[in-house]
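Peer 1: I need the structure of the sequence given here:
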Amino acid sequence: HFVTVKADLHQLEATIAHEMTHACLEHLPLPLWLNEGLAVNTERRLAGSQRLPLGALERLHERLRRFWSVLSIQDFWSGASFSRPGESNELSYELARILVEQLAKDWMPFAEFVRHADRADAGSAAALQYLGLDLGQAVTALVERETPRSWSPDPAKWKLE
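Peer 2: Sure, this is the predicted structure:
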């Protein structure tokens with residue numbers, strides 16, 4: 001069952017597509033970033049979305065660069081950043097969306113990655129095995145940072161909330 005307060009059918013369609021994606025993925029032990037990234041990308045493909053104008057894309061990119069750091073990225077990998085209000089929540093969804101969009105460009109290896117990703121390590125082992133990449137390096141490439149190992153998922157650093 002889905003409950004929505006929006007009267008706009010377009011918004012309702014997007015919500016249904018998003019939540020149905022979660023329902024279809026429920027049986028997989030996906031990390032939250034991957035689950036949300038898949039849901040947001042599916043929502044946009046099925047319900048449509050407006051592309052941001054170039055200036056807005058540049059502003060979003062700069063916000064992502066400013067917000068994500070060696071310290072905050074572990075909250076993204078653990079899923080903690082998604083439950084915090086404000087910028088943390090918004091930029092977690094945006095980073096997840098962009099990361100999934102980029103990783104899914106080569107569909108067959110991406111599909112294997114999704115089937116084997118595990119929330120216990122934020123999908124790190126599956127990314128190495130099926131995509132041949134370190135998730136920390138993938139994120140630092142997106143936010144144009146150097147690629148220290150400390151950007152990679154590290155469950156030992158995750159705070160239990």
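Peer 1: got the contact list for the most centrally placed residue in the chain?
Peer 2: Central residue of the chain (CA atoms, centre = their mean): residue 96, 1.6 Å from the mean position. Contacts for residue 96 were tallied using CB atoms under 8 Å, 6 or more residues apart in numbering; they are 33, 34, 36, 37, 40, 76. Bear in mind the C-beta positions are built from the backbone N, C-alpha and C, glycine included.
Peer 1: how about those in TSV, adding secondary structure and pLDDT?
Peer 2: Shown next, in TSV, are the contacts of residue 96 (DSSP: H, G, I helix; E, B strand; the rest coil; pLDDT from 0 to 100):
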residue	secondary structure	pLDDT
33	helix	98
34	helix	98
36	helix	97
37	helix	97
40	helix	94
76	helix	98
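Peer 1: Of all pairs in those, which one spans the longest distance?
Peer 2: 40 and 76 (14.2 Å; CB to CB).
Peer 1: Looking at the two, which one has more neighbours?
Peer 2: Of the pair residue 40 and residue 76, residue 76 is the one with more neighbours under other CB atoms under 10 Å, namely 26 against 22.
Peer 1: mind checking how far residue 153 is from residue 118?
Peer 2: 10 Å (CB to CB, to the nearest Å).
Peer 1: before we move on, what about residue 14?
Peer 2: Counting by CB to CB - residue 14 and residue 118 are separated by 28 Å.
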